[in-house]
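**Q** Below are the sequence and a predicted model; questions follow.
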Amino acid sequence: MKSWKSCTFGERKTRKMETELFEELYLAGCQIRLNAELSEYTTIKIGGPAQAIVFPQTTEAFIKALNILKGREIQYKILGGGSNVIPPKSFHGIVVSTKALTGIEFSGNQVAFDCGMSVRRLLRLVASRGLSGLEFLSGLPGSLGGALFMNAGAFGGEIGNLVEEVTVLGNDLNVRSLKAEEIEFSYRHSSLRDYVILGAILKFDYAKPEKVIREMELVLKRRLEKQPLDQPSAGSTFKRPRNDFYVGTTIEALGLKGLRVGGVEISRKHAGFIVNRGNATQEDVVRLIEKVQELVYLTYDVKLETEVEIWKGGSYA
Ligand SMILES: Cc1cc2nc3c(=O)[nH]c(=O)nc-3n(C[C@H](O)[C@H](O)[C@H](O)COP(=O)(O)OP(=O)(O)OC[C@H]3O[C@@H](n4cnc5c(N)ncnc54)[C@H](O)[C@@H]3O)c2cc1C
């Protein structure tokens, strides 16, 4: 970084504004990491530096941080477990991580969670109390907020089916509670995408803890058999375009398993996944995605949409 003395007037002004911003975020209750490498926060291990990652320590601090960023018109992204996103080589903005927001409150078979609670921990906590219903998500990386955002699902189940209520922050920066019937959930989509998710109440069935744990282990075993969990990835690359069109099987039938672009390749274990083989970039992923989309379109006349989220707001350079 340039010394203060050698900075131009414009650079000094920018630095002063940055310092003021970080002071404000810190006083609001956020921890801050400057020039943080996003690859450290994504499961596919891709992403260069962001201006900063801020970690609100409470929901109140989360709301304050978003107010500050919006008020200053600063570009920001919310990051949960980073298991569905592919950030660029550099991100010119602030990333707000929900990692520290892990509150939990039990009330019979209804449980309130803060948005940053990891789905894996959530499952362990409810299983030990004999609360059943979400076992199908066993082994799913990421946070509750990320799972609700895209109505995460597996093996025929979807998290939306357990939702009682979700607390959100609207674009107007007002907090409100949405009842299940006010939220639309569909395949890998929810109307919660229009909000910041602060927390949710999920409703479970009662069951014996051993039964819940056994079911979770079975699901995990199925995942381990099928998915490349030992390699960095962001899960299924594409959404299923229709119920009877299996993307992984189709890509495999096209002989694309192992197809490589730069540091990424189509997984040899499950063709629906793109895995990072080392030093991969967002650009590699995008180029590989485009190749697959083109071949699938030419062969089957089907347009594949990505399930993974390619972050904009940065540069490849
Ligand atoms: C090995 C592997 C297996 C996977 N298997 C599955 C599977 O079986 N089924 C499935 O559905 N997915 C699967 N995924 C994808 C991913 O784990 C899920 O989509 C997960 O729910 C994403 O949660 P996250 O916290 O990591 O979200 P992130 O990747 O951090 O974020 C995803 C999006 O959610 C937004 N977001 C996150 N938190 C909030 C919040 N509090 N408020 C508003 N927006 C928010 C982010 O801004 C971003 O737009 C898999 C991924 C991997 C790596």
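**A** Great, that's in hand. Please read these numbers as outputs of a predicted model, since none were measured by experiment.

**Q** would you list every one of the strands in the stretch 101-250 of the chain?
**A** 104-107, 110-114, 131-132, 153-154, 157-158, 163-169, 175-179, 185-186, 189-190, 196-203, 205-206, 233-236 (DSSP state E, counting those that start in this stretch).

**Q** So the fifth one, near the ligand or not?
**A** No: with CB under 6 Å from any ligand atom as the threshold, strand 157-158 lies outside contact range of the ligand, at a closest distance of 8.1 Å. Just so you know, the C-beta spots here come from the backbone N, C-alpha and C atoms, and that holds for glycine as well.

**Q** Tell me how confident the model is about that strand, as a mean pLDDT.
**A** Taken as a whole, strand 157-158 has a mean pLDDT of 98.

**Q** gap between that strand and the chain center?
**A** Relative to its parent chain, strand 157-158 has a centroid offset of 17 Å by CA atoms, centre = their mean, to the nearest Å.

**Q** The helix or strand Gly93 falls within: partners in the sheet, and parallel or antiparallel?
**A** If you go by DSSP states H and E, Gly93 is part of strand 90-97. Using DSSP bridges, the neighbouring strands of strand 90-97 in the sheet come out as strand 50-56 (parallel), strand 76-79 (parallel), strand 314-315 (antiparallel).

**Q** Quick check: which of these is nearest to the ligand?
**A** Closest to the ligand of the strands paired with strand 90-97 is strand 76-79 (CB to the nearest ligand atom; 3.9 Å).

**Q** List of residues touching the closest one?
**A** Defining contact as CB atoms under 8 Å, 6 or more residues apart in numbering, one finds that strand 76-79 is touched by 41, 53, 66, 69, 85, 91, 93-98, 145, 196, 311, 313.

**Q** likewise stretch 58-75?
**A** Residues contacting stretch 58-75 (CB under 8 Å, 6+ apart): 21, 24-25, 28-30, 54, 56, 76, 92-94, 96, 98, 101, 103, 114, 169, 173, 175, 196, 198-199, 313.

**Q** Does the ligand have contacts with it?
**A** No: Stretch 58-75 stays clear of the ligand (CB under 6 Å from any ligand atom), getting no nearer than 8.3 Å.

**Q** pLDDT of that stretch, averaged?
**A** For stretch 58-75, mean pLDDT rounds to 96.

**Q** so how far is that stretch from its chain's centroid?
**A** Offset of stretch 58-75 from its chain centre (CA atoms, centre = their mean): 19 Å.

**Q** Just the buried residues of that stretch, please?
**A** Of the residues in stretch 58-75, Thr59, Ala61, Phe62, Ile63, Lys64, Ala65, Leu66, Ile68, Leu69 count as buried by neighbour count, 16 or more other CB atoms under 10 Å.

**Q** So the fourth one versus Pro232, what's the distance?
**A** Spelled out, that is Ile63. 32 Å (CB to CB, to the nearest Å).

**Q** Kindly report the same for the last one.
**A** Taken as CB to CB, the spacing of Leu69 relative to Pro232 amounts to 29 Å.

**Q** Could I get the contacting residues of Ser128?
**A** With CB under 8 Å, 6+ apart, Ser128 has these contacts: Pro209.

**Q** picking up where we left off before, contacting the ligand as well, which ones from the contacts of stretch 58-75?
**A** With CB under 6 Å from any ligand atom as the criterion, the contacts of stretch 58-75 include Thr98, Val196 near the ligand.

**Q** List buried residues within the contacts of stretch 58-75.
**A** Using 16+ other CB under 10 Å, the buried ones in the contacts of stretch 58-75 are 21, 24-25, 28-30, 54, 56, 76, 93-94, 96, 98, 101, 114, 169, 196, 198-199.

**Q** Quick check, Pro87 in contact with Leu38.
**A** Yes: Pro87 is in contact with Leu38 according to CB atoms under 8 Å; the separation is 4.3 Å.

**Q** what touches both of these two?
**A** Taking CB under 8 Å, 6+ apart as the criterion, Pro87 and Leu38 both touch Ile46, Gly47, Gly48, Ala50.
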